[in-house]
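J.: What follows is a predicted protein model with its sequence.
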Amino acid sequence: MKKYHHVFDKHPLLVSTSILTIIIFLIYANSFPVGFHFDDLLSIVHNRNIQQWDSFLDMSFWANPNNRPLGYFSFALNYAIHGLNPAGYHLVNILIHLINALLAFKLTVLLLQFKKPEYSFRRLHTVALIAAVLFAMHPLQTMAVTYIVQRLTLMAAMFYLTGIYSYLKARLPGNEISARRRMFYFSITGLAFILGMMSKQIVISMPLMLLMAEWLIVQPAENKTPVWIRISAALTGIVVVVLLVTGLMPSETDKISRADYLMTQSVVLIEYIKLIFWPVHLNLDHFLPVQNSFFTTGVISGTLLFLWMLASIFFLRKKGYALASFGIAWFLIALSVESTFIPISDVMFEHRLYLPLAGFITVAVIHLDLVWTVKRWTMPMLLVIIMVFYGWRTIDRNDDWQDEYTLWNKSMKQYPENPRAVNSVGLALKKKGNISQALEYYNKALTLEPEMVEATFNRGIIYFELGDYRTALEAFNEVISKVPGKMDAIAFRALTYGHIGLYEESLADFNAYVAVDPTSPKIYMQRGIVHEMAGNFTEAIDDYTRSMKLDLSNTILLINRSRVYFRIGRLQEAYDDIIKAAEAGHQTDPRYVEDLKASLGITD
């Protein structure tokens, strides 16, 4: 133990990095086989922007933070290296999580240097390491780390932590840092803000967090609050009010009013606090009803909790507990973008706690160390118990993510009235080949929410695959009437029209799809088949050719194109295509090949 203390005292960052690396890779080792789930499919698997790189060459794409360009660029790099092998994506997520844990460690050290200068070197770094370990191990973090698309949250948190840490480094007393180094850290703060905004818009709250860091950490509690801080805080409030009054405050959905969303978030706040202290009922899709009345127990309780936390920031600072004030301020500000005035369709997601937990856990550990003055030997025992619990829950939760059916079935059991969870169980069952059961769950989802487009669409696909094209067509027509721009429904309707011989309607749908997305090899292939069935042979050849140009691996279409060439008498081209298809490893009809040879006078 003495030898460990000696190494830790000499190389605290190296030792902490080693410990965090071992712990994080141990508890997330079973996440590597986890496949793509939920929004991963749209954002990664079916996102041709990250597969073709065209968007990243357009500067306007990078200039719009709504595109989250840096985050998606990281997915594009993953795709270039790993294709759709999820292990590579998980490795990057885990490494970013490790970086964030190290940033939490460094930030904790810095906070203690500001507010607890009397701490010994060892105590300071030990407290910081404990905070970083608990942040890294908390089971709530699994949704941000294991759910691949939430790398956006991980990256935003990384730049957020970097920005706050750099600002506080720049604000160290003059005798501890040179003017040049101070400017360097200020520059890093500005760069971190820009890169963070290019990852996820939650970083917009960083300036307010910097203001809180200045007021609660840098400025002595006994001093009067500087005028510039008061003015900055007032201006922040004015900007928020102006945005709300003028209607310029952004909104992800217009189906929930700002007032209803704010009231709902008061209920969500209680749920978040419960999950932080008892992370047992974790769920991919928490189903909380939107609140439209203030006079309910949940809304009133949540509002009182929020007001108590807000008042505590001022009260605790006044009493000399600035670090506690900062922890509460961190939690509320980091959560503010997604949990106050900006309505979002999904009112609650666990990954939204990733960044708030960084400050919350850090300050909680610091104060636990401060108040635990009696029987301090019991503190390591408590820490071990918490770590074992966190580790077990994290590994167990990652096991849930291994199987789509398990993941959604657990979600549905907790919220049986959640139509999205029920529909997703149906999808998982369909992938397992349980068609009849899947249809039952789609119907159940539609019973819970009759206007649910996704369940109607999924039911249409099952009828299509069962050959009941008329019923499938009714489902796809219903979907398109509700969401005219749903391109996958248009594609399936085009296929359905083709199967029932309505070629003109089929081609009209395919043309509408191509007008929106001219880069889909699958659509060109399918339209080519319909053109061939309709006798439009020149158009069929053009579509087969386009499809193969967009997807060089789709050499099976050489057989289709050969067949069309044969039908219009272009025998040499038909022969060339069928030979290429055979060379590519596809099974061809020997009699067809021999007929072509005979017609062309080719002898072996």
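T.: Noted; the coordinates are in hand. Values in this document were obtained by computation on a predicted structure and should not be read as measured data. Numbering: from 1, shown residues only.
J.: contacts and neighbour counts: CA atoms only from here.
T.: Noted.
J.: Enumerate every residue touching I568.
T.: Contact partners of I568, counting by CA atoms under 8 Å, 6 or more residues apart in numbering, are F537.
J.: what's the distance between it and G601?
T.: Counting by CA to CA, to the nearest Å, the gap from I568 to G601 is 18 Å.
J.: element containing D542?
T.: Using DSSP states H and E, D542 falls within helix 537-550.
J.: what's the distance between the residue at minimal distance from the centre of the chain and D40?
T.: Among the residues of the chain, the one closest to the centroid is Q150, at 2.5 Å (CA atoms, centre = their mean). According to CA to CA, Q150 stands 9 Å off from D40.
J.: what do you get for T588?
T.: Distance from T588 to D40, by CA to CA: 37 Å.
J.: Of these two, which one has the most company?
T.: Higher neighbour count among T588 and D40: D40, with 16 against 13, using other CA atoms under 10 Å.
J.: Tell me who's in contact with D399.
T.: So D399 contacts N30, S31 (CA under 8 Å, 6+ apart).
J.: Using the three-state scheme, assign it.
T.: Following DSSP: H, G, I helix; E, B strand; the rest coil, D399 is assigned to helix.
J.: Now do the spatially closest residue to E573 that is not a sequence neighbour against L571, distance only.
T.: Distances taken as CA to CA, 6 or more residues apart in numbering put Y565 closest to E573, at 6.4 Å, once the chain neighbours are dropped. According to CA to CA, Y565 and L571 sit 6 Å apart.
J.: ok, back up a step: can you dump the C-alpha coordinates of the helix holding D542 into PDB?
T.: What follows is helix 537-550, C-alpha atoms only, in PDB (Å, rounded to 0.1, in the frame of the first residue of the first chain):
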ATOM      1  CA  PHE A 537     -36.600  -2.100 -71.600                       C
ATOM      2  CA  THR A 538     -34.400   0.900 -72.300                       C
ATOM      3  CA  GLU A 539     -35.400   2.400 -69.000                       C
ATOM      4  CA  ALA A 540     -34.900  -0.900 -67.300                       C
ATOM      5  CA  ILE A 541     -31.300  -1.100 -68.600                       C
ATOM      6  CA  ASP A 542     -30.600   2.500 -67.500                       C
ATOM      7  CA  ASP A 543     -31.900   1.800 -64.000                       C
ATOM      8  CA  TYR A 544     -29.900  -1.400 -63.600                       C
ATOM      9  CA  THR A 545     -26.800   0.400 -64.800                       C
ATOM     10  CA  ARG A 546     -27.300   3.300 -62.300                       C
ATOM     11  CA  SER A 547     -27.900   0.900 -59.500                       C
ATOM     12  CA  MET A 548     -24.600  -1.000 -60.200                       C
ATOM     13  CA  LYS A 549     -22.700   2.300 -60.500                       C
ATOM     14  CA  LEU A 550     -24.000   3.300 -57.000                       C
END
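J.: Please give me every residue in contact with the residue lying closest to the residue nearest to the centre of the chain once chain neighbours are set aside.
T.: Once flanking residues are discounted, Q150 sits nearest to A144: 5.0 Å by CA to CA, 6+ apart. For A144, the contact set (CA under 8 Å, 6+ apart) comprises Q150, R151, T153, L154, E350, H351, Y354.
J.: R352 versus I164, what's the distance?
T.: For I164, the distance to R352 - CA to CA - is 19 Å.
J.: brain fart, L284
T.: Computed as CA to CA, the L284 to R352 distance reads 12 Å.
J.: between these two, which one's more packed in?
T.: A side-by-side neighbour count of L284 and R352, using other CA under 10 Å, places R352 first with 23 against 19.
J.: for the more buried one, what are its contacts?
T.: R352 touches T153, L335, E338, counting by CA under 8 Å, 6+ apart.
J.: want to throw these into CSV with distance to A179?
T.: CSV is the format used below for these (distance: CA to CA, whole Å):
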residue, distance to A179
T153, 33
L335, 34
E338, 37
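J.: Among those residues, which one has the most neighbours?
T.: In those, the most neighbours by other CA under 10 Å go to T153, 23 neighbours.
J.: Helix or strand for that one, just tell me which one.
T.: helix 151-170.
J.: Surely the residue nearest to E573 and I578 touch.
T.: No - between Y565 and I578 there is no contact under CA atoms under 8 Å: 10.4 Å.
J.: Between those two, which has more neighbouring residues?
T.: Between Y565 and I578, I578 has the larger neighbour count (other CA under 10 Å), namely 26 against 21.
J.: Do I have it right that the more buried one meets F566?
T.: No - using CA under 8 Å, I578 makes no contact with F566, being 10.4 Å away.
J.: Now do the contacts for Y321.
T.: Applying CA under 8 Å, 6+ apart, we find Y321 in contact with no residue.
J.: How about L195?
T.: L195 touches L70, F159, counting by CA under 8 Å, 6+ apart.
J.: Name the spans of this protein whose pLDDT lies under the cut-off.
T.: In the predicted model, the chain carries pLDDT under 70 at residues 1-5, 175, 373-376, 604.
J.: Now E505. Nearest residue, chain neighbours left out?
T.: With CA to CA, 6+ apart as the criterion, E505 has its nearest non-adjacent residue at 6.4 Å, and that residue is Y497.
J.: tell me the secondary structure for that neighbour?
T.: Under three-state DSSP, Y497 falls in the helix class.
J.: Can you tell me how far it is from D40?
T.: Distance from Y497 to D40, by CA to CA: 30 Å.
J.: repeat for I270
T.: According to CA to CA, I270 and D40 sit 28 Å apart.
J.: repeat for I344
T.: Using CA to CA, we find I344 at a distance of 19 Å from D40.
J.: try K106
T.: Noted for K106: a distance of 32 Å to D40, by CA to CA.
J.: Return the set of buried residues in stretch 380-389.
T.: Neighbour counts using 16 or more other CA atoms under 10 Å place M387 of stretch 380-389 among the buried residues.
J.: Report the angle between the helix or strand where the residue nearest to E573 lies and helix 537-550.
T.: Using DSSP H and E, Y565 sits within helix 557-567. Angle, helix 557-567 to helix 537-550, by axes from the mean of the first three to the mean of the last three CA atoms, to 10 degrees: 160 degrees.
J.: Quick one: list the elements packing against the helix or strand that helix 557-567 is followed by.
T.: Next along the chain after helix 557-567, taking DSSP H and E as the criterion, comes helix 571-583. Packing partners of helix 571-583 (3 or more CA pairs under 8 Å, 6 or more residues apart in numbering; DSSP states H and E): helix 557-567, helix 590-600.
J.: ok so, going back, same list (the contacts of A144) but as a markdown table, adding distance to L216.
T.: Converted to a markdown table, the contacts of A144 look like this (distance: CA to CA, whole Å):
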| residue | distance to L216 |
| --- | --- |
| Q150 | 31 |
| R151 | 30 |
| T153 | 26 |
| L154 | 26 |
| E350 | 28 |
| H351 | 27 |
| Y354 | 22 |
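J.: Buried only: go through the residues you listed for me.
T.: Among the contacts of A144, those buried by neighbour count (16+ other CA under 10 Å) are Q150, R151, T153, L154, E350, H351, Y354.
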